[in-house]
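Asker: can you look at this prediction? I've put the sequence above it.
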Amino acid sequence: TIVGGGDRKDGTPPCHPRSLSSSSDFRTVSIASIATPGSDGASTQVWHTADAGASWQQATLPLPFPRQLSFVDAQHGWLLAAMQDGDGAAEPVSVFRTTDGGKSWSNVATALFADATPPGRLPYGGQKTGLYLLNSLTGWETGTVFSPDLAWLYVTRDGGTTWQQQPLHLTPAVPSAGVPRRFPH
């Protein structure tokens, strides 16, 4: 249900039931998105509304495990989706972007197997834990590696096309809470 202007109405998209693997983003009272694994087991269905659920844009993306949706306004959104489900030491993912309110999506970044992370790319190793976009250009991706004291943060300043690892600087008085003070390059 989407609430707007004091009125309540059912704004549920006509998608099949959501699951624990679904992801959603409720940017404002009017702007909402839901990504859910497709019934075929090979795709993700993305539903987006900019009018409080009166109408929905639907798209099908070629990866079956949605991880995170992030819209910054009615037109610009990103979806982090994985190629496989699980808790492995590595997670191949892609970042998809829309600039037309979910009508069409482009794969702007893919993290595939590599011995070392190529410049400008997201790492293959570890689990991707979050995607957040501040505006149509700047955003962050977080992740962890199943090894003691290893977490990472990447930033994009071009809408998700390229990514650079960012150090997490902690003050000496703050315990690391499992996060290293230096990241491997």
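Answerer: Yep, that arrived.

Asker: which SSE is residue 141 in?
Answerer: strand 139-144 (DSSP states H and E).

Asker: wait, residue 108 sits on residue 97?
Answerer: Yes: Residue 108 is within contact range of residue 97, at 4.8 Å (criterion: CB atoms under 8 Å). C-beta: built from backbone N, CA, C; applies to glycine.

Asker: which ones are touching the nearest residue to residue 105 once chain neighbours are set aside?
Answerer: Spatial nearest neighbour of residue 105, chain neighbours left out: residue 96 (4.4 Å); criterion: CB to CB, 6 or more residues apart in numbering. For residue 96, the contacting residues are 61, 78-79, 81, 105-108, by CB atoms under 8 Å, 6 or more residues apart in numbering.

Asker: relative to residue 113, how far out is residue 96?
Answerer: 20 Å (CB to CB, to the nearest Å).

Asker: cool, residue 46 as well?
Answerer: The gap separating residue 46 from residue 113 is 26 Å, by CB to CB.

Asker: of these two, who's got more company?
Answerer: A count of neighbours by other CB atoms under 10 Å puts residue 46 above the other of residue 46 and residue 113, at 28 against 8.

Asker: beta-bridge partners for that one, please?
Answerer: In this entry, residue 46 is beta-bridged to residue 35, residue 59, by DSSP bridges.

Asker: I'd say it and residue 62 touch.
Answerer: No: in this structure, residue 46 is not within contact of residue 62 by CB under 8 Å, at 11.6 Å.
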